[in-house]
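S.K.: next comes the sequence, and after it the predicted model I'd like to discuss.
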Amino acid sequence: MLEIVSFTLGPVQTNAYLVADSDTKEAAVIDPAWNGHIILAEAQKRGWRIAHLWYTHAHFDHIGGAGAIADALNPLPLVALHPHDHVLWRAGGGGAIFGFDIDPGPEPTIDFYQGQILRLGSVEFEVRFTPGHTPGHCILYVPSSDACFCGDLIFAGSVGRTDLPGGNWEQLVESIKTQVFTLPDETRLFSGHGPESTVGEEKKGNPFVGE
Ligand SMILES: [Zn+2]
Ligand SMILES: [Zn+2]
């Protein structure tokens, strides 16, 4: 069964999610935002083994804790990212614009693609390609838990910014409509910033893309 521990970390209050299959104790970090040692300590306390780092996108505030996590693990975790965000990853996640120089951790070796299935023990995560906030943005949907980790695509009552390099407003709206609003209304949305929401609530009430 999927277990989710959330953290809000770093200079722009980014949500990181430590997720695990409670049976096998295999764990992943979705967007290791900042302060990797805090995420690591929580995993160790629970007896979970972090085997994967999954990035919704490569902005610095979503990967800033990766180096500290990887430094403490042997073997290294496998890092997954959509190839369209590799350029951003190599540029330190765009942190220089904001005065941040991060340790990006191990190089991504797993390429996300639309429809890919990731497994943590018996829990399946479906990758959905959702460009707009960045060119390689993806979200991770867990049908068995009615949960979706949606990075900076959509927030409770808001949406991701598209004014940073590679951003595209039309693509963002299209991604939300085709990849988020097609999920069941009760699906819980775990965003990269701010509180949890659901697909139904955002369809009704989101001032940018709601009905
Ligand atoms: Zn972002
Ligand atoms: Zn962000």
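M.R.: Thanks, I have it. Ligands and ions are numbered 1, 2, ... in the order given.

S.K.: drop to CA atoms for contacts and neighbour counts, all remaining ones
M.R.: Will do.

S.K.: which residues touch the closest residue to Pro108 other than its chain neighbours?
M.R.: Closest residue to Pro108 apart from its sequence neighbours, by C-alpha to C-alpha, 6 or more residues apart in numbering: Val79 at 4.5 Å. Applying C-alpha atoms under 8 Å, 6 or more residues apart in numbering, we find Val79 in contact with His52, Leu53, Trp54, Tyr55, Pro106, Glu107, Pro108, Thr109, Ile110.

S.K.: give me the neighbour count for the residue nearest to the last one when sequence neighbours are not counted.
M.R.: If I follow you right, that is Ile110. Among residues not flanking Ile110 along the chain, Ala80 sits closest, at 4.4 Å (C-alpha to C-alpha, 6+ apart). Ala80 has 19 neighbouring residues, counting by other C-alpha atoms under 10 Å.

S.K.: repeat for the one 10 residues further on
M.R.: Applying other C-alpha under 10 Å, we find 12 residues neighbouring Arg90.

S.K.: confidence score at the residue sitting nearest the centre point of the chain?
M.R.: The chain has Thr56 as the residue nearest its centroid, 3.6 Å off, counting by C-alpha atoms, centre = their mean. Thr56 is assigned 98 on the pLDDT scale.

S.K.: name the nearest residue to it, ignoring sequence neighbours.
M.R.: Cys138 is the one closest to Thr56 (C-alpha to C-alpha, 6+ apart), at 4.9 Å.

S.K.: okay, and the beta partners of the one you found?
M.R.: Phe129 (DSSP bridges).

S.K.: before we move on, back to that, against Glu170, how distant is the residue nearest to Ile110?
M.R.: According to C-alpha to C-alpha, to the nearest Å, Ala80 stands 26 Å off from Glu170.

S.K.: mind giving me the packing neighbours of the longest helix along the chain?
M.R.: The longest helix of the chain (DSSP state H) is helix 36-46. Counting contacts by 3 or more C-alpha pairs under 8 Å, 6 or more residues apart in numbering; DSSP states H and E, helix 36-46 is packed against helix 66-71.

S.K.: any residues touching the helix it packs on, and which ones?
M.R.: 32-37, 39-40, 53, 76-77, 103-106.
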